[in-house]
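Enquirer: Mind folding the following:
(chains A and B)
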Amino acid sequence: MKSNRALSDHQVEGFIGNLLRTGVITAACIVAAGGIFYLSRRAGTVPRYAMFQGEPDFLKRMGKIFQAAFSLRSEAIIQLGILVLIAVPIARVAVSVIAFLLRRDWLYCGVTILVLAVLLFSLLGGKV
Amino acid sequence: MTTLELSAILAGASVAAGLIGSLTGLGGGVIVIPLLTLGLGIDIRYAIGASLVSVIATSSGAAAAYVREGFSNIRIGMFLEVATTLGALGGAAIALRVPPSIIAIIFGCVLLYSAYQTFRAPPEDTVNVPPDALASRLRMNGTFPTSEGIRAYNVRSVPAGFLLMAVAGAISGLLGIGSGALKVIAMDRVMKIPFKVSTTTSNFMIGVTAAASAGVYLNRGYIDPGLAMPIVLGVLGGSFLGSRLLSGARTRSLRVIFALTIVALGAEMLYNGIGGRF
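Expert: Next up is the predicted model:
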């Protein structure tokens, strides 16, 4: 940076663009890796999706998804990729909070923190 | 049908949905869900979970390209996201409580409405409107690049736009679609924001809105990895392909074909929903 001014719009946008692209590609790779693994084990089985049963705990609670993914359960690896995907827009909002903070734009800093709070409430399993 | 066959069918159909969705600008979710439920007999709750995740993927992928162009207005987007994310939480809460048949009926109506929107002429660029006190206080007025240089615009009717955005968020959370069309209407028609700024800002918002309800769906066990995997990868691949192909060529006839498909799917969703077959 030439001066001690806060980040320029251009820098912030460039950073957000890279963040989104990297995040989506990372998520897609994890999902694809888990998917290949999943199909190599389950290709011949007959799935049942006509009746809604809901996913077991290790595929819906964040901590359990991590645990199961690290013990290489294929469905949990896919789910980990999906968690990364959900985290991408959340990370983008978090970056915007910092950008508004650095510009001392308190109004939009507040607005963005509110959006971030709603997103985290949802991801961390808040009851609705 | 085995898991391998189902995955192959889902991946193929999702590539097509992503491709057509990005070429017509209508998004892939609106056809993925009817296809899964009507075509493959999959429970609509699983279909919504998988579609929602693919919406995040395509929106984030597309936004990465748009964000540099200087069209989207981050202040407007962030402010309205308060409405869409809260709306999305509300929509997800409703989805957990109403029977699938009701969701199918609402879905059918939304499909028919989107088809109707497709047939309407693209709106003329809004003439410059005088500044609005609230929008000025919120510093929403902005500029965007045109062929004749940088143009300034003013924003109107913030409260009405905010309310409509909450509805768009609720529909997104309830049905697992991006509801980009409704977001564009709120900004372009109601808030008088230039069309190009509205569409890119809407794209910026879709991923964040979908993430708000995706958390709820994940925690409630609606997102099945076996279904989400081929759909996310397929839609993502298809829309990437679409953005490469997009050179403004013959999208008019494509839109008409797509709209007619949506009408057929919407009618069938309504018919089956009313008959209680969900």
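Enquirer: how about the helices in chain A?
Expert: In order along the chain, chain A carries the following helices (DSSP state H): A:9-42, A:62-70, A:74-102, A:106-123.
Enquirer: got the contact list for the shortest one?
Expert: When you say that, I think you mean helix A:62-70. The contact list for helix A:62-70, computed with C-beta atoms under 8 Å, 6 or more residues apart in numbering or on different chains, reads A:34, A:57-59, A:75-77, A:79-80, A:83, A:123-125. For the C-beta atoms, the positions are set from N, CA and C on the backbone; glycine is no exception.
Enquirer: Quick check: mean pLDDT of that helix?
Expert: Across helix A:62-70, pLDDT averages out at 89.
Enquirer: Of the contacts of helix A:62-70, which is the nearest to residue B:76?
Expert: Distances from these to residue B:76 were compared by C-beta to C-beta; the smallest belongs to residue A:123, at 24.5 Å.
Enquirer: picking up where we left off before, residue A:52 is nearest to which of the helices of chain A?
Expert: helix A:74-102 (16.9 Å).
Enquirer: Kindly present the helices of chain A as TSV, with separate columns for distance to residue B:227.
Expert: Converted to TSV, the helices of chain A look like this (distance: least, C-beta to C-beta, whole Å):
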stretch	distance to residue B:227
helix A:9-42	11
helix A:62-70	16
helix A:74-102	10
helix A:106-123	20
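Enquirer: Quickly compare these and say which is most buried.
Expert: The highest mean neighbour count among these, using mean count of other C-beta atoms under 10 Å in any protein chain shown, belongs to helix A:74-102: a mean of 22.
Enquirer: now check that helix, is it near chain B?
Expert: Yes. Helix A:74-102 comes into contact with chain B (C-beta under 8 Å from any C-beta of the partner chain), by way of A:75-76, A:78-79, A:82-83, A:85-86, A:88-90, A:92-93, A:96.
Enquirer: want to throw the contacts of helix A:62-70 into a markdown table with distance to residue B:90?
Expert: Below are the contacts of helix A:62-70 laid out as a markdown table (distance: C-beta to C-beta, whole Å):
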| residue | distance to residue B:90 |
| --- | --- |
| A:34 | 32 |
| A:57 | 26 |
| A:58 | 29 |
| A:59 | 25 |
| A:75 | 30 |
| A:76 | 30 |
| A:77 | 32 |
| A:79 | 25 |
| A:80 | 28 |
| A:83 | 23 |
| A:123 | 17 |
| A:124 | 18 |
| A:125 | 17 |
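Enquirer: Export stretch A:18-25 to PDB, keeping only CA atoms.
Expert: What follows is stretch A:18-25 as a C-alpha-only set of coordinates in PDB (Å, rounded to 0.1, in the frame of the first residue of the first chain):
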ATOM      1  CA  ASN A  18     -10.000 -15.200  -4.900                       C
ATOM      2  CA  LEU A  19     -11.600 -16.400  -1.700                       C
ATOM      3  CA  LEU A  20     -14.800 -17.400  -3.400                       C
ATOM      4  CA  ARG A  21     -13.000 -19.200  -6.300                       C
ATOM      5  CA  THR A  22     -10.600 -21.000  -4.000                       C
ATOM      6  CA  GLY A  23     -13.400 -22.000  -1.600                       C
ATOM      7  CA  VAL A  24     -15.700 -23.400  -4.200                       C
ATOM      8  CA  ILE A  25     -12.900 -25.400  -5.900                       C
END
